[in-house]
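# The following block contains a protein sequence and its predicted model.
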Amino acid sequence: MGKFIYDGSVKVDFEDRTLAHLQLVIGAKLRRGEPFHFTWKDDSSIGDGRTTVWVHPRSSLVYKYYGSRKPRLNMAWIDALAYTANSPAGLYLVPEPMDVAPKGATDETH
């Protein structure tokens, strides 16, 4: 279980694999100077609601991974998450689609 920390005060847990995909999508948006909303469903322990933050190039973001191994990336999921990030609603988690990995792809390349 990893942790996404926004501006030092908003902290939310995500599976390491999910967090790795979010980091790639968020990083791509910020490299292009594109601010966006990021929304997630809160855990039932804090009210079962949802939280939205405004992510912009000056945001302080921390991605804390608890596992030491880099997770295998699913390019189809990255594309699906990027699609939401580019929508008026902003980035939100969508179910992971099937990965169509090219033949010979390894965990390091994918």
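Structure received. Numbers count the residues shown, from 1 in each chain.
# From now on I want contacts and neighbour counts done on CA atoms only, so please keep to that.
Fine.
# does the closest residue to residue 57 other than its chain neighbours sit in a helix or strand, and which one?
Of all residues not flanking residue 57 in the chain, residue 30 sits nearest, at 5.4 Å (CA to CA, 6 or more residues apart in numbering). Element membership for residue 30, per DSSP states H and E: helix 16-31.
# So which residues make contact with that helix?
1-4, 35, 56-57, 63, 65-67, 71-74, 77-78, 81-82, 85 (CA atoms under 8 Å, 6 or more residues apart in numbering).
# So which of those are in helices?
Under the assignment DSSP state H, these contribute 77, 78, 81, 82, 85 to helices.
# how about the residue lying closest to residue 92 once chain neighbours are set aside, secondary structure?
Distances taken as CA to CA, 6+ apart place residue 39 nearest to residue 92, at 5.1 Å, with adjacent residues excluded. Assigned with DSSP: H, G, I helix; E, B strand; the rest coil, residue 39 falls in the strand class.
# so how far is residue 73 from residue 79?
Distance, residue 79 to residue 73, by CA to CA, to the nearest Å: 11 Å.
# For these two, work out which one has more neighbours and name it.
Neighbour totals were compared for residue 79 and residue 73, and residue 73 leads with 20 against 14 (other CA atoms under 10 Å).
# for residue 77, what are its contacts?
Counting by CA under 8 Å, 6+ apart, residue 77 has contacts 21, 95, 96, 97, 99.
# what number of residues lie near the first one?
Same thing as residue 21. 21.
# show me where pLDDT drops low in the protein?
Low-confidence segments of the chain (pLDDT under 70): 100-110.
# mind running it again at 80?
Residue ranges of the chain with pLDDT under 80: 46, 99-110.
# mind listing what the nearest residue to residue 65 once chain neighbours are set aside touches?
Once flanking residues are discounted, residue 65 sits nearest to residue 2: 4.4 Å by CA to CA, 6+ apart. By CA under 8 Å, 6+ apart, the contact set of residue 2 is 13, 14, 15, 16, 19, 63, 64, 65, 66, 67.
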